[in-house]
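Peer 1: Test case, fold it:
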Amino acid sequence: MKTIITTIVIALTLTFMNAQDAVKTEGTTITVTVPVKTDKGEIVVGLYNEATFMKAAPIEGLSSTIENGKATVTFKNVAPGEYGITLFHDTNGNKTMDFEPSGMPKENYGVSNNVMSFGPPQWNDAKFTVATEPIEMEIVM
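Peer 2: Numbers count the residues shown, from 1 in each chain. Here you go, the predicted model:
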């Protein structure tokens with residue numbers, strides 16, 4: 001259990017906003033909308049490829065304020081390939097996923113394909129394919 005919690009902590013507390021930039025050539029967009037019960041805080045979103053998913057900083061990180069019960073971010077010029085997304089509701093503005101002393105998350109989080117299981121998200125469950133058409137998805141926390 002400690003290994004699972006440690007893995008989640010490491011993956012979600014990486015500094016999303018200091019992530020390395022994805023190659024910005026020609027590509028498409030990925031728009032992520034997140035319904036939220038409160039307008040407090042912001043949503044922090046990371047875009048990953050298989051090599052970085054739950055292991056390193058995202059290839060690109062964005063954040064959005066919450067307005068009227070939802071937050072939206074758009075990744076631009078995303079090259080074709082397979083990607084996964086993780087996000088969390090940063091209620092205190094520290095850009096870090098916060099946890100209780102017991103290891104339970106204090107802040108809500110979500111994963112592409114809305115995969116929520118015990119333990120850390122798995123690449124095969126969260127991955128999706130980007131081609132040339134824009135992608136719109138809703139991720140529920």
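Peer 1: What is the burial count for residue 39?
Peer 2: Residue 39: 13 surrounding residues under other C-beta atoms under 10 Å. C-beta here means a position set from N, CA and C on the backbone, and glycine is covered the same way.
Peer 1: That one: what's its closest spatial neighbour, skipping adjacent residues?
Peer 2: Leaving aside its chain neighbours, residue 39 sits nearest to residue 66 (4.7 Å; criterion: C-beta to C-beta, 6 or more residues apart in numbering).
Peer 1: what are the ranges of the helices in the protein?
Peer 2: Shown for the chain, the helices assigned by DSSP state H span residues 2-13, 123-126.
Peer 1: Just give the number of residues close to the residue nearest to residue 39.
Peer 2: The burial count for residue 66: 19, using other C-beta under 10 Å.
Peer 1: What of residue 82?
Peer 2: Neighbours of residue 82 using other C-beta under 10 Å come to 14.
Peer 1: I'd assumed residue 127 was in contact with it.
Peer 2: Yes: under the criterion of C-beta atoms under 8 Å, residue 82 makes contact with residue 127 at 4.9 Å.
Peer 1: what is in contact with these two at once?
Peer 2: Taking C-beta atoms under 8 Å, 6 or more residues apart in numbering as the criterion, residue 82 and residue 127 both touch residue 50.
Peer 1: residues touching residue 65, list them.
Peer 2: Residues in contact with residue 65 (C-beta under 8 Å, 6+ apart) are 39, 42, 71.
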